[in-house]
Structures are given as structure tokens and as C-alpha cells.
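Undergrad: quick one, fold the following:
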Amino acid sequence: MQPAEPTLAALPNAVQRYFLATRPAFLSVTLFGSLIGLGTAHASDVAIAWPTALVTLVFALLAHAGVNVLNDYYDALNGTDEMNTERVFPYTGGSRFIQNGVLTLAQTARFGVALFAAVMLAGIWLAAVSGRGLLVIGLAGLVIGWGYSAAPLRLNSRGAGELCVMAGFALIVIGTDYVQRHAFALMPIIASVSYALLVTNVLYMNQFPDRKADAAAGKHHWVVRLAPEQARWGYVMLAVAANAIVDMGGGFVAVREGKVVASFPTPLNGLVSDRSFEEARSSIQDLISAWRALGCSLKSPQTSLEFVTLVTIPRLKISTKGLAVVEGDAYRFVDTVVV
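TA: Numbering: from 1, shown residues only. All right, here's what the predicted structure looks like:
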């Protein structure tokens, strides 16, 4: 039986109303992301500082809650949720708190901003004890969370929503690891890939019942841009890619029509291949050819991620001491605080 939508009469307690407005059942995906981040730090022999780990977990959940609340607010402003008559509550069509009169638009906006403000204060404290690189992670997460639905960015309406979700949830893993490690590392980035792909797939699947309402409101994500017969393959491709990377113990894959057409495993700590030079070269060439066939125009896609932490290669890089700009034979550190 489908759960009943919220009503003011059914939720007389104000605390309960605001708590349920965050859609707490869906916050579990952030919990798992934080646990993955703690796991990558522990696997690297980093001693877990449980007080900061707990603060990180709590405020990661609050960040996700704030994104949910503000997404409801902006979807109410553009009329998406009001027009959605094919929703599958509680999975699609928003929380229905605004549409059913449980919270007003103004109350929802103030609540979302308050959640984001709390997260920003906690993030500043965590950055003070773990490193300023966390400010970069936090700022990116807040921009993604706000810009996903809000004007003028409205990233989901521009076909970037799926990428934003993947990047946003990957940042949870990377940020949780950073708080413990006090530095950027490649392991949490790689560990976040399968997790982020699967979370993105949940969003992708949930966009199908909302397709007509989203199209009418101008939210042109990929389920809207593609015909349903084509869009359904996106779900299969994301799931296949995520599980293939897990099965390989790390690596790269190319997926077409639900099948892995090329792969390059890196099973040694999820970072290094155990293949011979000849085998590795052949696999990478096949992988790049497959990516080309799928429309990727990058010269060497796999190296874009592999070398982001290598400060000897131009231009903007992530180091254990912060952001570094490589210029000629020298490099300089970049202040991550804008004043």
C-alpha cells in the first residue's frame, strides 16, 4: 500500500513536521557515504578521531537534509511538484509538504537556509582542525546542492543534474576521509565512484514518473531529453558500470547498452593494475577507443583523474598542503579562502 501524503492535521507537532520535511528515510545514502570515507581512512592506517568523525557524519546528514528541503522549495516555485499528477509518493514528486499546506513556502525556505548555515559553521570548524582543503570540498558541495534546482544555475534543468548528484555524493566520501587524513588522497576518490554511480541511479530511476511534470516546468534532465525507450538504458548503464568497478576491485569501464564493452582493472588497493605492460597498454587502448565511440572527446580521460594530485604537472592541482598552481618550473599554493 502506498503511504499517505503528509497533511497538517496528521502532523500537529511542529518538530515532527520539520523533521519529516527533510525526508529522513533518504538520508541513509549519506550515512553510507560517510562510512565509506571512514573506511578508506582506516584502510590507510589513519587513526580515526571519533569526535570529528561524529561531527562530520551529523553535518553531512544535515547538508543532505538541507538539499532536500531547498529542492522542495525551488520545485514549488517553478511549479514542478504542483503539476506532478503521476508521482509515486514518497519516492517522487517531492515531500508534498508545501503542496498540502503542511509548511508554507517561506517556512520551507527559512528551514533550508538554516540547515545550510549550520553546515557551513560546522564545516569551518572542521576545516580549522583538519585542513583548509575541506573548505574547497564543502564549497563545492554547497554550490552543487544549491545550484541543482535554484536559479540562475538550475543545473538539473540543463542536463547536468545526474553529474551533480554523482559529484555531490562522491564529495561526502572524499570529505569524510579528508577530515581524518588531513589531506587529499586518491583512494577515497576511487572508492566513491561505484557508490556515487548507484546513488545517481536512484535519482535517475525516480525521474521517470516525474517526466511529464519536469518537461512542462522546463527541467530538461536526461530522462526528459531522451525518449523513454532510450532513457531506460541509462539506468542499466549506470548499474552495470558501478557493479563492474566493484567486481574488479577498482578500475575503469566503458558501458554501451547495458554491457561492459571495455575495462581496465586496478585491483591493487583499487589504484594499481596487476597486468603486464603489454596487457595494460592493450586494455587502455581498447578502453579509450570505447570511450571515443561513446562520444568522449578527452585525449586521455583516465589520466584526468589519476593526475589531479600530481603537482608537478600543470596547471591547478590538489596537494596535501592545499591547492597548487603549476607555472613553468615552479608552483605556488593558492589560498582557498576568498575575502
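Undergrad: got the domain boundaries for this structure?
TA: According to automatic domain parsing, the chain is divided into the following domains: 9-222, 226-300, 307-339.
Undergrad: most packed of those?
TA: Among the domains of the chain, judged by mean count of other Cβ atoms under 10 Å, the one packed with the most neighbours on average is domain 9-222 (a mean of 19). Every C-beta, even on glycine, is put in place using the N, C-alpha and C of the backbone.
Undergrad: how long is that domain from one end to the other?
TA: Across its full length, domain 9-222 reaches 38 Å between end residues, using Cα to Cα, to the nearest Å.
Undergrad: shaky segments in this structure?
TA: Applying pLDDT under 70 to the chain picks out residues 1-2, 269-271, 302-339.
Undergrad: just the strands in it please.
TA: Secondary structure of the chain by DSSP state E: the strands cover 251-256, 259-265, 316-319, 322-327, 330-334.
Undergrad: could I get the domains of the chain as a markdown table with distance to residue 3?
TA: Compiled in a markdown table, the domains of the chain are given as follows (distance: least, Cβ to Cβ, whole Å):
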| stretch | distance to residue 3 |
| --- | --- |
| domain 9-222 | 6 |
| domain 226-300 | 24 |
| domain 307-339 | 43 |
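Undergrad: show me where the stretch 1-150 of the chain has its helices.
TA: 14-21, 28-43, 50-77, 80-83, 105-130, 133-147 (DSSP state H, counting those that start in this stretch).
Undergrad: distance to residue 6 added to these, as CSV?
TA: Listed next are these as CSV, based on distance: least, Cβ to Cβ, whole Å:
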stretch, distance to residue 6
helix 14-21, 7
helix 28-43, 19
helix 50-77, 11
helix 80-83, 13
helix 105-130, 13
helix 133-147, 23
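Undergrad: of all these, which one is nearest residue 238?
TA: Comparing the helices of the stretch 1-150 of the chain against residue 238 with Cβ to Cβ, the closest turns out to be helix 28-43 (14.5 Å).
Undergrad: where do the helices sit along the stretch 201-339 of the chain?
TA: Using DSSP H, counting those that start in this stretch, helices in the stretch 201-339 of the chain cover 211-216, 222-225, 228-248, 277-293, 301-306.
Undergrad: tabulate those helices (JSON lines), appending distance to residue 179.
TA: As requested, the helices of the stretch 201-339 of the chain are exported to JSON lines (distance: least, Cβ to Cβ, whole Å):
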{"stretch": "helix 211-216", "distance to residue 179": "36"}
{"stretch": "helix 222-225", "distance to residue 179": "33"}
{"stretch": "helix 228-248", "distance to residue 179": "25"}
{"stretch": "helix 277-293", "distance to residue 179": "33"}
{"stretch": "helix 301-306", "distance to residue 179": "22"}
